[in-house]
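**Q** Next one to model:
(one chain, ligands or ions: 1)
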Amino acid sequence: MKKVITYGTFDLFHQGHYNIIKRAREYGDYLIVGVTSESYDIERGKLSVHDSLLTRIENVKKTGLVDEVIVEEYLGQKTRDIIQYEIDTLVVGSDWIGKFDHLRQYCEVVYLERTKNISSTQLREKSNEICKFGIITDDADDDGVVKETKYVSGIHIESVYSDDIDVAEEFCNKYELNSYSNDFQQFSHELGIVYIKSAVDKRYEYIKKCIEKGLHIICDFPFSRDIAKCQELNRLAKEKNVALMENIVSCYLRAFTQFLWIARSNEIGDILSVNIAISNDYFKYTQSFDDMSVLAITAVIKLLGTKSRFVSKNTITDETGEINYGSIFFRYEKSVARIEIGAKIDLHNFLTVVGTEGCIVLEDDWWNTGYFEVHKKGVKKVDRRSFNFEGTGFRYLIQELQIMLRDKRYECNRLTDAEGEAILKVMNQTSD
Ligand code: CTP
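**A** Okay, the predicted model is just below:
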């Protein structure tokens, strides 16, 4: 029996998909189709997929030409599948010519000409489901957000709001948006999602206005310095079925979430300590002490939980009174954590988690990482994990929001309200 395999996303199933499946079938007696999982598509930067995995699998099955459907979940899985399923021929479209030649050592590789004038991308563009996106800002810098949204289809940045009309105009021209305003009603008209990046003392009012208008919100952390106000906003958002998400990108990155998952499972035993350093030289000194604290405290809270026994915070200021360096120490019942923040001095960035049975190491820009190492006690070989991700990571946050909205789910479980509160409590703590 000759076994054939082919792969694809098969979004918005179309004639091109049917044709390649039919022709793949003709190459053998048994056809397996690998359909990409949602997380794999997200990981490889394909953020525009419309149909759920289930729908895409159903559509492939409906052709009646397929003997088995499998899910493609990670880079490099093809080699495993070809060996495991004893595949004779891999069939792919001509858009992949040359890309799978390395698999010729395992099976025959055939590239078939694509069906002309049709693709999922074309269909998605025609379907015209565009969600309009607006930005509220105090300055004319987008921090890469405009470019990031371009990678998520179905989202279009329309307008910008600033209290200062000159800033709004400058932003609008710089990033070629449709409109700008310093009038909230005018700005928010027809929008679906708003990203708030203005100063912390203004966020509460903006968020409230957006919730009242039923707009979904992404906002820099924290929503307010006042925990009671944050709680009020979270409650209002829930009442109104509005998504209210913190812009803490690491929570949405696959490598970081995998790292958290491994650290909290028993792979390195019980966690004894977490050590973190973050330095402003990486950000070319553009970040505030608070911005960097958020990233580091989030990692500690995510790893060790919200119930620390005590926290001690120390900052050292320079002659101008600005924070030069900060250190935060956490004591938990069975573990400790230590954060070092270089606000004006340079540190070597790293994050390590030490467990009773090993440790995990993230080097350099660990908050935005695609790579980490797991060292297990008594095991010589280092377990290296790497995950693709593109850009600043903001696109993955928007993608998560899109999935939530599609499923009519308005609460995001990547960072719970309790975790948000715990982070803010530490940020609000004054120096000892
Ligand atoms: N395919 C094809 N002819 C087309 C479109 C796709 O032969 N007009 C093939 C691809 O080459 C691939 C398989 O169908 O082997 C699955 O492709 P997929 O990437 O899911 O479809 P596209 O329409 O190319 O999707 P997109 O526009 O998102 O890239």
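**Q** Around the ligand, which positions in the stretch 101-250 of the chain sit nearby?
**A** Residues of the stretch 101-250 of the chain lying close to the ligand by CB under 6 Å from any ligand atom are 114, 115, 118, 119, 120, 121. For the C-beta atoms, the positions are set from N, CA and C on the backbone; glycine is no exception.
**Q** Go ahead and confirm the fifth one touches residue 8.
**A** No: shown here, residue 120 and residue 8 do not form a contact pair, counting by CB atoms under 8 Å, at 9.1 Å.
**Q** anything in contact with each of those two?
**A** With contacts taken as CB atoms under 8 Å, 6 or more residues apart in numbering, residue 120 and residue 8 have no neighbour in common.
**Q** ok, back up a step: okay, who's weakest in the residues of the stretch 101-250 of the chain next to the ligand by pLDDT?
**A** Least confident entry in these, by pLDDT: residue 121, with 78.
**Q** Find the helix or strand that that one is a member of.
**A** Using DSSP states H and E, residue 121 sits within helix 120-127.
**Q** who's in contact with that helix?
**A** Under the criterion CB under 8 Å, 6+ apart, residues 9, 10, 11, 12, 14, 48, 49, 50, 153, 154 lie in contact with helix 120-127.
**Q** mind putting these in TSV, neighbour count included?
**A** Conversion of the contacts of helix 120-127 to TSV gives the following (neighbours: other CB atoms under 10 Å):
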residue	neighbour count
9	22
10	28
11	24
12	21
14	16
48	19
49	21
50	18
153	19
154	21
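**Q** Out of the residues you listed, which comes closest to the ligand?
**A** If you rank the contacts of helix 120-127 by distance to the ligand using CB to the nearest ligand atom, residue 9 comes first, at 3.7 Å.
**Q** Can you mark which positions in stretch 152-165 are buried?
**A** Residues 152, 153, 154, 155, 157, 158, 159, 160, 161, 162 are the ones in stretch 152-165 that count as buried (16 or more other CB atoms under 10 Å).
**Q** just stretch 249-268 next, same as before
**A** Buried positions in stretch 249-268, judged by neighbour count with 16+ other CB under 10 Å: 249-257, 259-260, 262-263, 268.
**Q** still on that earlier bit, which pair in the buried residues of stretch 152-165 spans the largest distance?
**A** 153 and 162 (27.2 Å; CB to CB).
**Q** Residue of this protein nearest the ligand, please.
**A** Here the chain gets closest to the ligand at one residue, residue 93, 1.6 Å apart by CB to the nearest ligand atom.
**Q** could you list every residue that touches that residue?
**A** When contacts are counted by CB under 8 Å, 6+ apart, residue 93 touches 8, 16, 20, 111, 112, 113, 114.
**Q** Report the buried members of the residues you listed.
**A** By the neighbour-count criterion of 16+ other CB under 10 Å, those include these buried positions: 8, 16, 20, 111, 112, 114.
**Q** Which residues are in contact with the first one?
**A** Read that as residue 8. Contact partners of residue 8, counting by CB under 8 Å, 6+ apart, are 17, 20, 33, 34, 35, 36, 93.
**Q** do that again at 10 Å, thanks
**A** Residues near residue 8 by CB atoms under 10 Å, 6 or more residues apart in numbering: 16-17, 20-21, 33-36, 56, 60, 72, 92-93, 96, 120.
**Q** In strands, which of these appear?
**A** With strands defined by DSSP state E, the entries of the contacts of residue 8 inside them are 33, 34, 35, 36, 72, 92, 93.
**Q** And the pLDDT for the fifth one?
**A** For residue 72, the model assigns a pLDDT of 95.
**Q** and it, how many neighbours?
**A** Residue 72 has 18 neighbours, counted by other CB atoms under 10 Å.
**Q** Now stretch 42-54: buried residues?
**A** Buried, per 16+ other CB under 10 Å, within stretch 42-54: 42, 43, 44, 46, 47, 48, 49, 50, 51, 53.
**Q** circling back to that earlier point, buried ones from the residues of the stretch 101-250 of the chain next to the ligand, can you make that a ChimeraX selection?
**A** Typed into ChimeraX, the line below selects the buried ones among these, using 16+ other CB under 10 Å:
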select :114,115,119,120
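**Q** what sits against the closest residue to residue 285 other than its chain neighbours?
**A** Here the nearest residue to residue 285 in space, its sequence neighbours aside, is residue 344; by CB to CB, 6 or more residues apart in numbering that works out to 7.3 Å. Residue 344 makes contact with 279-281, 285, 289, 316-318, 320, 322-325, according to CB under 10 Å, 6+ apart.
**Q** so which of the residues you listed also contact the ligand?
**A** Of the entries in the contacts of residue 344, none also sits close to the ligand under the rule CB under 6 Å from any ligand atom.
**Q** From residue 142, how far out is residue 201?
**A** When distances are taken as CB to CB, to the nearest Å, residue 201 and residue 142 turn out to be 21 Å apart.
**Q** what's the answer for residue 6, then?
**A** Distance check for residue 6 against residue 142: by CB to CB, it reads 40 Å.
**Q** Between the two, which is the more surrounded one?
**A** In this comparison of residue 6 against residue 142, neighbours counted by other CB under 10 Å, the higher total goes to residue 6 at 24 against 20.
**Q** Now the more buried one: which helix or strand?
**A** strand 3-8.
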